[in-house]
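> below: sequence and its predicted model.
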Amino acid sequence: MKRLSVQARYMLGMVVDATGSGMYLPLSLLYFHHITGLPVTQVGAIMTTAALLGLAGNPVTGVLIDRYGARTVVVGGYVLRAAGFAAYPLADSAVAMFAVVAVVAFGDVSFSPSIQSFVAEIVRGSARDKLLAAQRSLRNAGLGAGGLIAGAALALGDGTAFQVIVVGTAVAYLAAAALIRSIPLPPEPEGPPPARTKRGYRLVARNRPFLALTLLNVPTAFGYMVLSVSLPVYITQELDASDSLVGVLYATNTVGIALLQIPVTRLLTRYRRTRAAALGGGVFGVAFLSFAALGLISARTPVLIGVFAATLLFTLGELLHGATASALVASTAPEATRGRHLAVYQLSWAIPTALAPAVLTGLLQLSPTGMWLLLAAGVAGSALALVRLEPKLPAQAVRAEAAAEPTVVKEEAGPRAPQS
């Protein structure tokens with residue numbers, strides 16, 4: 001049987017990973033509530049604390065990527081998470097739960113910088129944008145499939161369904177690790193090996209354009225979180241809509257990303273990545289203004305139509321921003337210290353993700369309209385600043401065509417020496 005290509009194995013790994021994650025994510029709070037008997041609020045507090053502790057592993061991830069290569073860190077992160085999930089059934093107390101969740105949190109925090117570094121190693125030019133777009137699309141599909149599998153398992157009414165789900169997630173992570181491990185690394189360039197990079201994080205600190213790119217992502221990262229954090233509360237409590245509408249809107253967004261991310265990104269590769277990402281931020285701002293305006297409408301039908309329209313705008317913003325911004329950042333990071341650079345950039349996602357539940361719900365209680373206006377101002381300001389930052393970024397990062405010819409790792413590539 002013909003062996004799968006590099007890209008096929010990579011995408012299959014992402015689908016397997018996302019399917020396993022999708023099986024567990026909707027049940028995370030309920031699982032430990034079921035296993036430990038702890039109140040849901042205490043379970044949530046433990047999980048948040050473990051996630052914040054996991055952020056301490058972020059700088060270590062960057063060093064490991066630059067020293068041992070991105071593929072090694074991706075595989076190691078998968079194995080670490082698989083071990084944590086395999087131990088979940090043993091977590092019958094608050095202390096045990098914290099221990100196993102912290103293990104998984106350290107694995108989680110390593111994923112984004114290492115997988116982006118790995119993509120940057122195996123493809124270049126517009127092929128990088130397209131592979132990241134396919135990744136976003138198929139991961140959304142995998143998350144949805146995993147959720148359906150979990151729902152079917154729980155519908156059987158058997159108490160062992162929870163354990164089957166977590167063990168299935170562990171197996172999925174191990175399978176994804178095997179697929180990524182099977183992908184050959186690019187051959188070393190001819191000539192003497194590059195000198196060891198010292199004081200890597202000092203180099204990141206001196207890279208002001210990259211730090212600016214990182215800071216500009218913070219308002220957008222908060223914007224991404226509204227779909228799962230503040231929008232459900234807003235439409236059910238402020239707009240007096242049905243709880244079932246939340247699931248429909250989430251499905252609308254997920255299906256939209258799964259179906260449209262690849263064709264949209266293919267179109268965007270003709271344009272500057274900075275402009276495409278900034279346009280996505282601008283569309284986010286229009287979506288948030290639309291949500292704010294719905295609070296002024298009392299008629300039910302216009303509200304329902306407006307909610308769907310605003311959600312579609314939000315989805316369009318994701319389509320324009322997501323894969324393109326990832327390719328922009330990965331291409332801006334210098335190759336020798338790419339791991340450290342992307343680890344720093346990941347903080348612009350990880351910190352807003354950790355703070356969003358408290359910050360967004362607090363703003364929502366203070367003033368729903370004010371929350372949407374603040375979010376709109378944040379993403380719009382970030383988009384404008386990104387356009388102004390464009391001249392300071394590397395040409396090959398701004399335009400995919402300015403990079404070297406798109407390359408994909410070939411099957412016969414030999415082993416790669418550890419980097420530092």
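The structure has been received and is ready for your questions.

> confirm Leu296 sits in a helix?
No. Assigned with DSSP: H, G, I helix; E, B strand; the rest coil, Leu296 falls outside any helix and is coil.

> shaky segments in the stretch 51-200 of the chain?
Within the stretch 51-200 of the chain, the segments meeting pLDDT under 70 span 155-159, 187-199.

> let's see that with 80 instead.
Scanning the stretch 51-200 of the chain for pLDDT under 80 picks out 122-134, 136, 140, 143-144, 146-161, 185-200.

> ok, the stretch 251-400 of the chain next?
251, 298, 354, 357-358, 400.

> where along it do the helices fall?
Along the stretch 251-400 of the chain, the stretches classed as helices by DSSP state H, counting those that start in this stretch are 273-294, 300-332, 338-366, 368-389, 395-398.

> select, out of these, the one closest to Ile35.
Closest to Ile35 of those is helix 338-366 (CB to CB; 22.4 Å). (Each C-beta comes from the backbone N, C-alpha and C, glycine too.)

> now do that closest one against helix 300-332, angle only.
For helix 338-366 against helix 300-332, the angle by axes from the mean of the first three to the mean of the last three CA atoms, to 10 degrees is 160 degrees.

> before we move on, the earlier item: so for Leu131, which of the helices of the stretch 251-400 of the chain sits nearest?
It is, among the helices of the stretch 251-400 of the chain and with distance given as CB to CB, helix 300-332, at 8.7 Å.

> buried ones in that closest one?
By neighbour count on 16 or more other CB atoms under 10 Å, the buried set for helix 300-332 is 303-304, 306-307, 310-332.

> what helices or strands is it leaning on?
On a contact count with 3 or more CB pairs under 8 Å, 6 or more residues apart in numbering; DSSP states H and E, helix 300-332 meets helix 94-122, helix 126-155, helix 208-224, helix 244-268, helix 273-294, helix 338-366, helix 395-398.

> can you redo the ones you listed as CSV with distance to Ala50 and mean neighbour count?
Converted to CSV, the helices and strands packed on helix 300-332 look like this (distance: least, CB to CB, whole Å; neighbours: other CB atoms under 10 Å):
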stretch, distance to Ala50, mean neighbour count
helix 94-122, 4, 22
helix 126-155, 21, 20
helix 208-224, 20, 20
helix 244-268, 25, 17
helix 273-294, 30, 23
helix 338-366, 11, 20
helix 395-398, 35, 18
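
> dump these to CSV, plus distance to Val166.
What follows is the helices and strands packed on helix 300-332, written out as CSV (distance: least, CB to CB, whole Å):
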stretch, distance to Val166
helix 94-122, 10
helix 126-155, 10
helix 208-224, 27
helix 244-268, 22
helix 273-294, 34
helix 338-366, 22
helix 395-398, 40
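
> which of these sits closest to Arg181?
When the helices and strands packed on helix 300-332 are compared by CB to CB, helix 94-122 sits nearest Arg181, at 11.2 Å.
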